[in-house]
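Chemist: Show me how the following folds:
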Amino acid sequence: MDLKSSKASPVLTDPVPIDKSRLGIRGVLPYAQSGPSFSTSVLAIPRRKPGKLDDVRSNGWLDAMKSSSPPRKKIMKDVNVEVVLDDGDAAYDSWMSKYPSALKSFGKIMNSAKNRRIVIFLDYDGTLSPIVDDPDRAFMSADMRSAVKSVATYFPTAIISGRSRDKVYELVGLTELYYAGSHGMDIMLPDRDTEPTNHSGCIKSTDLLDKEVNLFQPASEFLPMIDEVFRTLVENTKDIKGAKVENHKFCTSVHYRNVDEKSWPIIAQRVHDILNSYPRLRLTHGRKVLEVRPVIDWDKGKAVEFLLESLGLSNSPDVLSIYIGDDRTDEDAFKALRSESRGYGIIVSAVPKETNAFFSLRDPSEVKKFLEALVRMKEQGDL
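Modeler: I've put the predicted structure just below:
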């Protein structure tokens, strides 16, 4: 069957229950990759006439886009002080009673860390850097970079981002870290840390400094398809003011942060129509972004499990993992830590939201304070 010409509807969520086996660690492969899957000859997808937007309304895409895109906070500026006013302070305070501040709960977290090895996992956008209108300008501050570097000096530290691995490596610029791009579908480990023969899909390569590394890429067979979809999305959204399409190697993102909300149904329908031709791809929602990803049993939670096992730190009561992130895609990592009682998820959010995290931080500035507190505890000999 020609999968590209199939009329199956785009997949919106994980199509099967999560397989408890660790993909690529015990030789378990992703979904079977047989048969033709893409064509490099078609870029233009017929566009629907204005008003024909029933698909994205009925399948919940528009509701998901709005729920994943909280309104900006009001800001009141004084002479020397900038005060942030949350529209729902009472609601946020109530939410924090369930997900208390990781700074105020720091002592409790450290008590759990006594005589255990801490491993740190970090998202990038909205966690280490602020959310900005132009994703190419989502830079972390020098103080944040210093805090992350210090943490990595004492604790194994990994960044797991939806961006391409090369891009997040370029933005962070620290060689002390482990990097996982494309929501964990492109993991880089220094050569000394793992043997590629033990991991299906792991290959030898070199990093940007020409150092030998091991790469684990469970979705490598999707690369031609992702590249084709990226080019198709660029072509079919170029007339939508503010739309931006990014190729993250193993996934593609369609940003609508700068698109007028009246045009959200149009951009959603365009993406929907394109994905109709790719049943082996699925759509997930982020903060004002539609993300197109391969239909494989892999996510940030699986990436956390892979990294822990690759570093010899899996299933050990002597290890405490801390994952800090702000987006829906980080929920898979929060679930992985919660379900196995491996550690704590910390959600970064200034508005109430459903989460599988244990604790919360308001913004990247609080993330920096939390990381700096960890370093101080270690340097004082309390960890």
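
Chemist: Centre of the chain to the helix or strand that contains Ile159, how far?
Modeler: Element membership for Ile159 (DSSP states H and E) is strand 157-160. Relative to its chain's centre, strand 157-160 lies at 11 Å (C-alpha atoms, centre = their mean, to the nearest Å).

Chemist: Quick one: list the elements packing against that strand.
Modeler: Counting contacts by 3 or more C-beta pairs under 8 Å, 6 or more residues apart in numbering; DSSP states H and E, strand 157-160 is packed against strand 117-122, strand 178-181, helix 300-310. Just so you know, the C-beta spots here come from the backbone N, C-alpha and C atoms, and that holds for glycine as well.

Chemist: strand partners of the second one, parallel vs antiparallel please.
Modeler: Think strand 178-181. Paired strands of strand 178-181, with direction, are strand 157-160 (parallel), strand 186-190 (antiparallel) (DSSP bridges).

Chemist: end-to-end on stretch 262-281?
Modeler: Terminal residues of stretch 262-281 lie 26 Å apart, using C-alpha to C-alpha, to the nearest Å.

Chemist: buried ones in that stretch?
Modeler: Within stretch 262-281, the residues that count as buried by 16 or more other C-beta atoms under 10 Å are 264-281.

Chemist: tell me the mean pLDDT over it?
Modeler: Stretch 262-281 shows a mean pLDDT of 94.

Chemist: Can you list the buried residues in stretch 294-307?
Modeler: 294-307.

Chemist: can you give me the helices for the stretch 201-350 of the chain?
Modeler: Using DSSP state H, counting those that start in this stretch, the helices found in the stretch 201-350 of the chain span residues 223-237, 264-275, 300-310, 331-339.

Chemist: following the strand holding Ile159, which helix or strand comes up?
Modeler: That would be, after strand 157-160 and using DSSP H and E, helix 165-172.

Chemist: Next, the angle strand 186-190 makes with that following helix.
Modeler: 60 degrees (axes from the mean of the first three to the mean of the last three C-alpha atoms, to 10 degrees).

Chemist: Report all helices and strands that helix 165-172 contacts.
Modeler: Against helix 165-172 (3+ C-beta pairs under 8 Å, 6+ apart) you get strand 178-181, strand 186-190.

Chemist: In the stretch 51-200 of the chain, where is pLDDT below threshold?
Modeler: Applying pLDDT under 70 to the stretch 51-200 of the chain flags residues 51-54, 57-59, 69-88, 190-200.

Chemist: how about 80 then?
Modeler: Applying pLDDT under 80 to the stretch 51-200 of the chain picks out residues 51-63, 66-88, 189-200.

Chemist: Outside of stretch 161-171 itself, list whatever touches it.
Modeler: 123-125, 129, 138-140, 159, 179-183, 186-188, 207-208, 246-251, 253, 286, 291, 327, 329 (C-beta atoms under 8 Å, 6 or more residues apart in numbering).

Chemist: among the helices of the stretch 201-350 of the chain, which is nearest Asp63?
Modeler: The closest of these to Asp63 is helix 264-275. By C-beta to C-beta, the value is 10.6 Å.

Chemist: Number of residues surrounding Leu62?
Modeler: Using other C-beta atoms under 10 Å, Leu62 has 16 other residues around it.

Chemist: thinking it is in contact with Ala268, fair?
Modeler: Yes - using C-beta atoms under 8 Å, Leu62 is in contact with Ala268, at 6.1 Å.

Chemist: what do those two both touch?
Modeler: In contact with both Leu62 and Ala268: Val56, using C-beta under 8 Å, 6+ apart.

Chemist: And the contacts of the strand holding Ile159?
Modeler: Contacts for strand 157-160 (C-beta under 8 Å, 6+ apart): 119-124, 128, 148, 151, 168, 172, 176-180, 183-184, 300, 303-304, 307, 325, 333.

Chemist: All set, thanks.
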